[in-house]
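Chemist: One predicted model, sequence on top.
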Amino acid sequence: MYKQIGILTGGGDAPGLNAVIRAVVRTAIGEYGMNCVGIEDSFEGILGETHTMKLTFKTVSGILPRGGTILGTRNRGSFVKMVDGKPTFPEMPIGEALANLDILGIEALVVLGGEGTLAIAEQFHKRGFPVIGVPKTIDNDLAATELTFGFMTAIDIATEALDRLHTTAASHDRVMILEVMGRNTGWIALHAGLAGSADVILIPEIPFAFESIAQKVQARERSGSRFTNIVIAEGATEVGRGEIYLDTEEMRLGGIGDHVRRRLEDITGKESRCVVLGHLQRGGSPNAFDRMLGTNFGACAVRALASGETGKMVALQAGTIVTVPLSEAVANIKTVPTDGQLVRTARDIGISFAAPKEIPVS
């Protein structure tokens, strides 16, 4: 049994991080008598002059509904750098980090993060250091788990935005476009589009044609619906073209919504507006589901460590929390299946994905 474990959060923030931290601490101390150390600013906190905090019942009291992370987080640094918009892993200072963990008396790690953070965690495992991962990303693109915490809250926020845009679109007879996050996957756009009554959903997995979007707008006009709501994932692409970036040096995705707005106005003559939801999807209090999922993940992560498991990630599969190898979890990203249930349902109820030659249904 470990006497002391460390906890860190990496990558972008997400609703539910504090719920996991709270569950880890309460389970480790209350159930197994372990001490808990919070590592600040992701893996950067165990390099050089280390930055940590002791975590107790009192420390985590009241943090369940809080957004963000009390430990701080980083999505770049000594362990990971962004090249062409993708995380790359330089020569990692694993030796220095392991030496500092030994000095701190930390015998195992619980690592909360997405594929980049968990890929780093796997390197610690390969060096023989016990580690358990917890899947965190609003994009829901981690393999081996049906859901990541933070995703359901992001959907709620995007759906509310669509609800609000629907009324102003109808009032002004406009095309309203909502650009949401998701990187190279369309999970947020697809779920929010279904829940928020979008007329068109544009996702990276289904390249779109402007002619198909215009046909949908015009079909709605003919049926008497003089407005159209479009939700678009930041990584969506036009057929035969690549992604659009806000920052070409860092290759930061964004700007596709305004690009679609300008082209649609030219093609259809309809007044159009674009709203970029951005980091509003990440911030604020987690919803009930993400609090529950994060709490389950945190408790099960400690249980896995206590039972001798390492190099694993806790995951939700068929309603049950299981553990899977970290290598399996970070092997590839989970994309939207283009022939899956949600895409079929969306098409059945008349939502267009604007694929070439797609026949719009009003």
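Modeler: It's in.

Chemist: low-scoring stretches of the stretch 101-250 of the chain, by residue?
Modeler: Across the stretch 101-250 of the chain, the ranges flagged by pLDDT under 70 are 248-250.

Chemist: which stretches of it form strands?
Modeler: For the stretch 101-250 of the chain, the strands defined by DSSP state E, counting those that start in this stretch occupy 108-113, 131-135, 175-180, 200-202, 228-233, 245-247.

Chemist: Just want the angle from the second one to strand 108-113.
Modeler: Calculated by axes from the mean of the first three to the mean of the last three CA atoms, to 10 degrees, strand 131-135 forms an angle of 20 degrees with strand 108-113.

Chemist: now do the fifth one
Modeler: If you take the same axes, to 10 degrees, strand 228-233 sits at 150 degrees to strand 108-113.

Chemist: Can you list the strands that strand 228-233 pairs with?
Modeler: Looking at strand 228-233 with DSSP bridges, its partner strands are strand 175-180 (parallel), strand 200-202 (parallel).

Chemist: Reformat these as JSON lines; add distance to W187 and mean neighbour count.
Modeler: For the C-beta atoms, the positions are set from N, CA and C on the backbone; glycine is no exception. Converted to JSON lines, the strands paired with strand 228-233 look like this (distance: least, CB to CB, whole Å; neighbours: other CB atoms under 10 Å):
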{"stretch": "strand 175-180", "distance to W187": "10", "mean neighbour count": "27"}
{"stretch": "strand 200-202", "distance to W187": "11", "mean neighbour count": "28"}
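
Chemist: Out of those strands, the one nearest T345 is which?
Modeler: When the strands paired with strand 228-233 are ranked by distance to T345, counting by CB to CB, first place goes to strand 200-202 at 11.4 Å.

Chemist: Could you export the strands paired with strand 228-233 as TSV, including distance to G114?
Modeler: TSV is the format used below for the strands paired with strand 228-233 (distance: least, CB to CB, whole Å):
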stretch	distance to G114
strand 175-180	17
strand 200-202	23
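
Chemist: which residues touch the closest residue to G254 other than its chain neighbours?
Modeler: The shortest distance from G254 to any residue that is not its chain neighbour, by CB to CB, 6 or more residues apart in numbering, is 3.7 Å, and that residue is L246. Contacts for L246 (CB atoms under 8 Å, 6 or more residues apart in numbering) come out as 252-255.

Chemist: One more: F129?
Modeler: Neighbouring residues of F129 by CB under 8 Å, 6+ apart: 98, 101, 108-109.

Chemist: The same query, at a cut-off of 6 Å, please.
Modeler: Neighbouring residues of F129 by CB atoms under 6 Å, 6 or more residues apart in numbering: there are none.

Chemist: Of the contacts of L246, keep whichever come out buried.
Modeler: 253-255 (16 or more other CB atoms under 10 Å).

Chemist: Select from those every entry located in strands.
Modeler: Helix and strand membership here follows DSSP state E; of the buried ones among the contacts of L246, those in strands are L253.

Chemist: What is the nearest of the buried ones among the contacts of L246 to V343?
Modeler: Of all the buried ones among the contacts of L246, the one with the least separation from V343 (CB to CB) is L253, at 21.5 Å.

Chemist: Make sure that closest one is actually in contact with E234.
Modeler: Yes - here L253 reaches E234: they are 4.5 Å apart, a contact under CB atoms under 6 Å.

Chemist: From G308, how far out is the residue minimising distance to the centre of the chain?
Modeler: Using CA atoms, centre = their mean, the residue of the chain that lies closest to the mean C-alpha position is I138, 2.2 Å off. For I138, the distance to G308 equals 32 Å [CB to CB, to the nearest Å].
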